[in-house]
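J.: structure for this input, please:
(one chain, ligands or ions: 2)
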Amino acid sequence: MKTFEYRAATGVGDGLEPGAMFLAGGTNLVDLMKLGIATPDVLVDVRGLVPDEITELPDGGLRIGAGVRNSDLAADPRVRTRYPVLSEALLAGASGQLRNMATTGGNLLQRTRCRYFMDATKPCNKHTPGSGCPAREGDHRNLAILGGSDACIATHPSDMAVALAALDAVVETSARRIPLTGLHRLPGDAPERDTVLDHGELITAVTLPALPMAATSGYRKARDRASYAFAVGSVAAALDVEDGVVRDVRLAWGAVAPKPWRARLAEEQLRGRPATRESFLAAADIELEDSRVLRDNAYKIGLMRNLTAWMLEKLAGVTR
Ligand SMILES: Cc1cc2nc3c(=O)[nH]c(=O)nc-3n(C[C@H](O)[C@H](O)[C@H](O)COP(=O)(O)OP(=O)(O)OC[C@H]3O[C@@H](n4cnc5c(N)ncnc54)[C@H](O)[C@@H]3O)c2cc1C
Ligand code: SF4
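T.: Residues are numbered from 1 along each chain as shown. Ligands and ions are numbered 1, 2, ... in the order given. Next comes the predicted model:
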């Protein structure tokens, strides 16, 4: 591993020098340093700087400090009752030990698990711009069917971020407020940039607006093993049904795109429609119309249709 300097952050604005990176729980960054993918000169430890509390907002929402641990966020009674989708998404991720270390800010900025990205000896446009994308012809079974480009088809691995995308969360940084759905970039021809953040821009908190319908929400994750595995597809949803008709819905998909994928086309299609499996499948089909599949990831089309219908039927109280 390359030699680096370590220091605790001295205040907001620390870590702006070239070669500096923020360290939080370290569960992703330190792994990438060991693999030679991340090569910071300086690690600026922000754990003593960013808030690690969950506080009430005047509008009935919550403000989650960037330093709040994933396990604490999942266990918070306000999150469990008002935003169960977030609690479920967190508990579907990683392991108890990892969640005890991982933070809200670090979870959002974890990097793709594309096997070529994780291997410094392989070409990859994300870790070495211009070197190519071997995944297109190689192992792309768990890569993107939506939002990818010729340069990169990596998927974003976070479960938590998918729930936050469905909940209209807003990211607060040292410089501005960014809707969660606008934090991560699609790769285009610059896949080395995962997010819109500038170098040295610190995530300080994530806010959740009051959303009464989120009390009826949930997360469903499909993966190759029953636990301790990243998603191959996931659905975060909140649903408001009256007299069998969808009044309102929030829907986001994970592991299908380079960013948490807010399924707005499906949401639009569903409002005012009967809360039935047929409507749910038809809405998923509309969202999937622009999908581009490769040799080994076409199964995600059927997977996302079924996960979406299953989750929405469950929330609608439809018995199967
Ligand atoms: C074996 C294993 C299995 C896992 N399984 C899952 C899974 O199933 N689902 C899932 O969602 N995740 C999973 N993870 C990933 C895990 O959730 C992340 O590693 C973790 O959330 C990262 O948080 P952290 O605080 O440790 O971040 P760090 O590793 O400290 O940092 C990650 C990135 O965020 C940046 N950063 C950190 N804090 C800030 C801040 N406040 N402002 C700006 N930048 C910041 C760092 O510079 C770095 O680039 C798994 C990880 C491992 C090792
Ligand atoms: S999909 Fe993206 S991360 Fe994976 S090899 Fe291609 S460029 Fe690299």
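J.: now for residue 34: which residues touch it?
T.: Counting by CB atoms under 8 Å, 6 or more residues apart in numbering, residue 34 touches residue 1. Quick note: C-beta positions are derived from backbone N, CA and C, even for glycine.
J.: next one: whichever residue of the stretch 201-320 of the chain sits closest to ligand 2 from ligand 1, what distance?
T.: Nearest residue of the stretch 201-320 of the chain to ligand 2 (CB to the nearest ligand atom) works out as residue 258 at 8.0 Å. From residue 258 across to ligand 1, the span is 15 Å (CB to the nearest ligand atom, to the nearest Å).
J.: nearest spatial neighbour of the closest residue to ligand 1 within the stretch 101-250 of the chain, skipping sequence neighbours?
T.: Relative to ligand 1, the nearest point of the stretch 101-250 of the chain is residue 106 (2.1 Å; CB to the nearest ligand atom). Leaving aside its chain neighbours, residue 106 sits nearest to residue 24 (3.8 Å; criterion: CB to CB, 6 or more residues apart in numbering).
J.: follow-up on the earlier one: can you confirm the residue of the stretch 101-250 of the chain closest to ligand 1 is in a helix?
T.: Yes. Counting by DSSP: H, G, I helix; E, B strand; the rest coil, residue 106 falls inside a helix.
J.: that one touches residue 21, doesn't it?
T.: No. Residue 106 lies out of contact with residue 21 (CB atoms under 8 Å); the separation is 11.1 Å.
J.: packing partners of the helix or strand bottoming out on mean pLDDT in the chain?
T.: Counting by mean pLDDT, DSSP states H and E, the chain has its least confident helix or strand at strand 12-15, which shows a mean of 93. Strand 12-15 makes packing contacts with strand 42-45 when contacts are defined by 3 or more CB pairs under 8 Å, 6 or more residues apart in numbering; DSSP states H and E.
J.: and stretch 117-133, how far apart are its ends?
T.: One end of stretch 117-133 sits 9 Å from the other (CA to CA, to the nearest Å).
J.: what does stretch 14-27 give?
T.: One end of stretch 14-27 sits 21 Å from the other (CA to CA).
J.: for the stretch 151-300 of the chain, which segments count as helices?
T.: Assigned by DSSP state H, counting those that start in this stretch, the helices in the stretch 151-300 of the chain fall at 160-166, 264-270, 277-287, 299-316.
J.: so of those helices, which one's packed in deepest?
T.: Neighbour counts (mean count of other CB atoms under 10 Å) averaged over each of these peak at helix 160-166, with a mean of 30.
J.: how far away is the residue located most distally from the centre of the chain from residue 272?
T.: Farthest-out residue of the chain from its mean C-alpha position, per CA atoms, centre = their mean: residue 243, at 32.9 Å. Separation of residue 243 from residue 272 (CB to CB, to the nearest Å): 12 Å.
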